[in-house]
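> need the 3D shape of this:
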Amino acid sequence: MSRHLLSTCLAVSFLLPTMAEAADRPKQLVIISFDGAHDNALWLKSREMAAKNGAHFTYFLSCTFLMNEAAKKAYQAPHQKRGKSNVGFAQSDDEIRERLGNIWHAHLEGHDISSHACGHFDGRLWSEADWSAEYAAFHATLKNAWTSVGLQEPAGWRDLVDHGIKGFRAPYLSATAGADMIAAEKKAGFSYDASLVTKGPAMPVEEDGIIRFGLPLIPEGPSEKPIIGMDYNLFVRHSKGEEDRVDSAAFEERAYSAFKEAFDKQYAGGRTPLQLGFHFVEMNGGAYWRALDRLVGDVCHRADVACVSYSEAISLIEARGKLQQSSGL
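Prediction:
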């Protein structure tokens, strides 16, 4: 064997384990979600962002944004006065019509349509019956949403409402301790919950038939102090919850750096899914949406990255044999 051929063979032999290891590594999952899902301009913006980058998102919808004046007067959340909502209601039937179009097209585009309940109340002390009542209000509102504003619902809408809404995130991430919320979720037909907070990116855990996800604490800022990977938490840290457009570019850079550092750590390591949460509000002059747009544009096109909805993530995690069981959290 010639010296050149021997050298070539040796080089290939050293590369083979590395290539095999790379081939065996799972894709890095990135799960982006939005709470509220109301502003129609941001529906369009998020859908365009996803389409441009081959991503699927999860939209946790607050159902009061599909309630007109008549529905508003009839809605009563557990332990609240009739007609009350912490996030308001739709302003007009035309607004609802446009929102329904966005929801339906997002569904057709492969995004998750999920539940954020209705009036955005803190349910940490709610009973199973309380949660069941709020879930029933969500279901009834969506079921009648098109006819309530004089539209004929598209074929398939009823199937989406009855069988296709599989996820829930509690307002304020206020999950009820114990089994009450989980029991109500099961009765309502949900298969996953995304209301937890974890110390860092973590695999979901199945609890009594519900797959539970948690937004992670990620390092942020000069001191890399951990913060929930969500735009509102960054908004409070950066500007004490007061709108600051002057420093918007600096806030964007801090947010992007935190998102990217969290991604890079998982991408280079064990490839635990990275979850990040947002709202349909462009806080601090849109700093956090711009940071999200940069991240999605940077990572979602990679062959070994999948920017997916929660439903898609569950299938991929189950295929990896990484779904853990738990009797309680």
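
> can you verify Gly214 is assigned to a helix?
No - assessed by DSSP: H, G, I helix; E, B strand; the rest coil, Gly214 does not belong to a helix; its assignment is strand.

> mind checking which helix or strand the nearest residue to it once chain neighbours are set aside is in?
Spatial nearest neighbour of Gly214, excluding adjacent residues (CB to CB, 6 or more residues apart in numbering): Leu196 at 3.2 Å. (C-beta placed from N, C-alpha, C; glycine too.) Using DSSP states H and E, Leu196 maps to strand 192-198.

> need the per-residue pLDDT for the residue nearest to Gly214.
Predicted confidence (pLDDT) for Leu196: 97.

> and the strands in the stretch 201-329 of the chain?
Assigned by DSSP state E, counting those that start in this stretch, the strands in the stretch 201-329 of the chain fall at 205-207, 210-220, 225-228, 274-279, 305-308, 324-326.

> hey, least reliable of those strands by pLDDT?
Taking the mean pLDDT of the strands of the stretch 201-329 of the chain, strand 324-326 comes last: a mean of 74.

> for it, which outside residues touch it?
Strand 324-326 has contacts (CB atoms under 8 Å, 6 or more residues apart in numbering) with Met203, Pro204, Val205, Glu206, Glu207, Arg212.

> who wins for most neighbours among the residues you listed?
With neighbours taken as other CB atoms under 10 Å, the top of the contacts of strand 324-326 is Pro204, carrying 27 neighbours.

> of all the strands of the stretch 201-329 of the chain, which lies closest to Ile317?
Closest of the strands of the stretch 201-329 of the chain to Ile317 is strand 210-220, at 8.6 Å (criterion: CB to CB).

> tilt between that closest one and strand 192-198?
Put simply, strand 210-220 runs at 40 degrees to strand 192-198, going by axes from the mean of the first three to the mean of the last three CA atoms, to 10 degrees.

> quick check: angle from strand 210-220 to strand 274-279?
90 degrees.

> for strand 210-220, packing partners?
Counting contacts by 3 or more CB pairs under 8 Å, 6 or more residues apart in numbering; DSSP states H and E, strand 210-220 is packed against helix 180-188, strand 192-198, strand 205-207, strand 225-228, helix 248-268, strand 274-279.

> hey, C-alpha coordinates of that strand in PDB?
The C-alpha coordinates for strand 210-220 follow below in PDB (Å, rounded to 0.1, in the frame of the first residue of the first chain):
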ATOM      1  CA  ILE A 210     -50.800  14.700  30.500                       C
ATOM      2  CA  ILE A 211     -47.400  15.600  29.000                       C
ATOM      3  CA  ARG A 212     -46.100  18.600  30.900                       C
ATOM      4  CA  PHE A 213     -43.600  21.100  29.400                       C
ATOM      5  CA  GLY A 214     -41.900  23.900  31.200                       C
ATOM      6  CA  LEU A 215     -40.400  27.200  30.000                       C
ATOM      7  CA  PRO A 216     -36.800  27.200  31.200                       C
ATOM      8  CA  LEU A 217     -34.700  29.600  33.200                       C
ATOM      9  CA  ILE A 218     -31.900  30.800  30.900                       C
ATOM     10  CA  PRO A 219     -28.900  33.000  31.700                       C
ATOM     11  CA  GLU A 220     -29.300  36.700  30.700                       C
END
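
> pull up the pairing partners for it, direction included.
strand 192-198 (parallel), strand 205-207 (antiparallel), strand 225-228 (antiparallel) (DSSP bridges).

> just name the most buried of those strands.
For these, average neighbour numbers computed from mean count of other CB atoms under 10 Å are highest in strand 192-198, which has a mean of 21.

> roughly how far is it from the heart of the chain?
In terms of CA atoms, centre = their mean, to the nearest Å, the centre of strand 192-198 is found 10 Å from the chain centre.

> to Gly36, which of the helices and strands packed on strand 210-220 lies closest?
So among these, strand 274-279 is nearest, using CB to CB, at 5.4 Å.

> helices or strands next to the closest one in the packing?
Using 3+ CB pairs under 8 Å, 6+ apart: strand 274-279 touches strand 28-36, strand 210-220, helix 231-239, helix 248-268, helix 283-299.

> alright, that wraps it up for me.
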